[in-house]
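Novice: Whatever this is, show me its structure:
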Amino acid sequence: MKLERHTPIFVAGHRGLAGSAIVRELQRREIGRLLLRTRSELDLTDVGAVERFFENEKPAVVVIAAAKVGGIQANDSLPGDFLFQNLQIQNNLIDASRRHRVGKLLFLGSSCVYPKQCPQPMKEDHLLTGPVETTSQWYAVAKLAGIKLCQAYRRQHGCDFITAMPASLYGPNDNFDPKASHVLPAMIRRFYEAKAAGLDEVVCWGTGSPLREFLHADDFARGCLLLLESYSDEQIINMGSGEEVSIRVLAEMTARAVGFEGRIRWDTSKPDGTPRKFLDGSRLFSLGWKPCIPLEQGLAEAARGFKP
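Specialist: The predicted model follows:
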């Protein structure tokens, strides 16, 4: 689908990390008549409110970047909220897009929905070949349902609904809430606060051995626009950086970026989560996309942008 200057585009979740990056890229390219609503303006869990929005605004393109997100602690302590709210949000948006004949919908999955013991790197056809990591299962199950609903509507109704599976994102507008953030922003906050307090030690969860793949939000946004214009398939498509780093090395990198010079201690009584999450991004690479922002550079920029 060709995105034009006046194409009405609804980016759900435009204030979050993923959604705001997509909005910035659309604005940079001067593409789209953007339809943006805050949570107070449009409650995505309210089916009636979503219906009225689609009836009035008639978006031609929908990007679902809205979700309840968080790290291991948040998933573990709020399982009902993670499952129910994410199901509500995506069901309302996907079904309204079907009924109002939206020309293109991009649903954002997550690398955490792949099986815990998935072969590495993770290929798209590895989805649902084994159980997911228990520490993120509530979020993962909701995302899996969204993926399958997009595929089902494509088969039954011919909807051009696609799903991208990004690696762990970071960058501007990240969530630094200590109870809800993912590993990288959580580390930035922890090291920053330790430095500000003059502490000589920071405690991190687990062993530090798990491997993770991180993708800067601006690289991710460029990939999303490419998919909106050039990809139309039932199969999900991975979006990764092609590089991975251990949590231990990530912690050391974060300490340097923040300027923390103390010791890092690992609390091995806490869970590690999935041992490795490395996406096979070859299908998207073959379409001409590749990331441009190295992790150490992007992390340093994220650390400078953190405001407690």
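Novice: helices or strands up against the lowest-mean-pLDDT helix or strand in the chain?
Specialist: Here the helix or strand of the chain ranked lowest by mean pLDDT, DSSP states H and E is helix 72-77, holding a mean of 76. Where contact means 3 or more C-beta pairs under 8 Å, 6 or more residues apart in numbering; DSSP states H and E, helix 72-77 is packed against helix 137-157. C-betas here are computed from N, CA, C, even on glycine.
Novice: Show me how far the helix it packs on is from its chain's centre.
Specialist: The chain centre lies 16 Å from the centre of helix 137-157; the measure is C-alpha atoms, centre = their mean, to the nearest Å.
Novice: And that helix, what's buried?
Specialist: Judged by neighbour count using 16 or more other C-beta atoms under 10 Å, the buried positions of helix 137-157 are 137-147, 149-151, 153-154.
Novice: same check, this time on stretch 283-298
Specialist: Arg283, Leu284, Trp289, Pro291, Ile293, Leu295, Gly298.
Novice: Stretch 242-252 now?
Specialist: By 16+ other C-beta under 10 Å, the buried positions in stretch 242-252 come out as Gly242, Glu244, Val245, Ile247, Arg248, Leu250, Ala251.
Novice: Can you lay out these as CSV showing secondary structure?
Specialist: Formatted as CSV, these follow (DSSP: H, G, I helix; E, B strand; the rest coil):
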residue, secondary structure
Gly242, coil
Glu244, coil
Val245, strand
Ile247, helix
Arg248, helix
Leu250, helix
Ala251, helix
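Novice: What is the nearest of those to Gln73?
Specialist: Ile247 (15.0 Å; C-beta to C-beta).
Novice: Can you show me the helices along the stretch 51-200 of the chain?
Specialist: Assigned by DSSP state H, counting those that start in this stretch, the stretch 51-200 of the chain shows helices spanning 72-77, 79-99, 137-157, 183-197.
Novice: Mean pLDDT lowest where, among these?
Specialist: Across these, helix 72-77 has the smallest mean pLDDT, namely a mean of 76.
Novice: Tell me what the residue nearest to Ala164 when sequence neighbours are not counted is bridged to.
Specialist: Of all residues not flanking Ala164 in the chain, Met239 sits nearest, at 5.2 Å (C-beta to C-beta, 6 or more residues apart in numbering). Beta bridges link Met239 to Pro166, judged by DSSP bridges.
Novice: what about Met239, neighbour count?
Specialist: 27 (other C-beta atoms under 10 Å).
Novice: Met165 is in contact with that one, correct?
Specialist: Yes. In this structure Met239 lies within contact range of Met165 using C-beta atoms under 8 Å: 6.4 Å.
Novice: any common contacting residues for the two?
Specialist: Common neighbours of Met239 and Met165 (criterion: C-beta atoms under 8 Å, 6 or more residues apart in numbering): Leu279.
Novice: Just give me the closest of the buried residues of stretch 242-252 to Thr38.
Specialist: Nearest to Thr38 among the buried residues of stretch 242-252 is Leu250, at 32.1 Å by C-beta to C-beta.
Novice: what's the distance between that closest one and Leu35?
Specialist: According to C-beta to C-beta, to the nearest Å, Leu250 and Leu35 sit 36 Å apart.
Novice: do Arg154 as well
Specialist: Per C-beta to C-beta, Arg154 is found 23 Å from Leu35.
Novice: now do Arg5
Specialist: From Arg5 to Leu35 the distance is 14 Å (C-beta to C-beta).
Novice: ok, these two, which is more surrounded?
Specialist: Applying other C-beta under 10 Å to Arg5 and Leu35 shows that Leu35 carries more neighbours, namely 21 against 9.
Novice: what about the residue nearest to the more buried one when sequence neighbours are not counted, how many residues close to it?
Specialist: The shortest distance from Leu35 to any non-neighbouring residue, by C-beta to C-beta, 6+ apart, is to Phe10 (4.2 Å). By other C-beta under 10 Å, 26 other residues sit near Phe10.
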